[in-house]
Structure formats: structure tokens, C-alpha cells
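*Asks:* take a look and give me a structure for this.
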Amino acid sequence: MTRLLAPTLAFSLLLAGCGGGLSAREKGAIAGGGIGAATGAIIGGDATGAVVGGAVGAAGGVLVGPSIFKDDPKK
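*Replies:* Next up is the predicted model:
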């Protein structure tokens, strides 16, 4: 499962960075959800870890997103 970590991280960060019509919170949720799902799958098993990690990552991304994407005009 660790071989999927790098592509998942790269895809989620690319998707969050290229989302022109998304707010900072939405970009944070996308990036956090992808990173959390990949990390959760590695730590806690395939399906259960991915679901829990994705949910926690998305919630964290919503909270941290405005700090990460400061230049976004849609705060």
C-alpha cells in the first residue's frame, strides 16, 4: 500500500493547487482528504484506515486551508 502514497499525495496537491474556482477551505479539504486517506490506509489497514483518515484529513484541511492558501481571494 505504501507504493500508492506518493501518487496519491501528488494528485491531491495538484488537484488542490489547480482548483481555480475553489475556495481556500475547499482546496484544503481536497488536499487533506487525499493525504489523510493515503496515510490512514498505510497505518490502519486498507479500507477502514482510508475512510477514517480521509474524513479526519478533510476536516483538518477545512480548518487549515485558509492558512495554506493565503493568496486565494475567496477566503
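*Asks:* please count neighbours and contacts with C-alpha atoms only from this point.
*Replies:* Noted.
*Asks:* okay, now the unreliable bits of this structure?
*Replies:* Residue ranges of the chain with pLDDT under 70: 1-6, 8-10, 12-20, 71-75.
*Asks:* just the helices in it please.
*Replies:* Applying DSSP state H to the chain gives helices spanning 5-18, 24-44, 47-68.
*Asks:* got the angle for the longest one vs helix 24-44?
*Replies:* It refers to helix 47-68. Per axes from the mean of the first three to the mean of the last three Cα atoms, to 10 degrees, the angle that helix 47-68 makes with helix 24-44 is 150 degrees.
*Asks:* how about helix 47-68: buried residues?
*Replies:* By neighbour count on 16 or more other Cα atoms under 10 Å, the buried set for helix 47-68 is 49-66.
*Asks:* equivalent analysis for stretch 27-45, please.
*Replies:* 27-42.
*Asks:* in those residues, find the pair that's most separated.
*Replies:* 27 and 42 (23.0 Å; Cα to Cα).
*Asks:* where's the nearest residue to residue 69 once chain neighbours are set aside relative to residue 56, distance?
*Replies:* If the residues on either side of it in the chain are set aside, residue 69 comes closest to residue 24, at 5.7 Å by Cα to Cα, 6 or more residues apart in numbering. According to Cα to Cα, to the nearest Å, residue 24 stands 17 Å off from residue 56.
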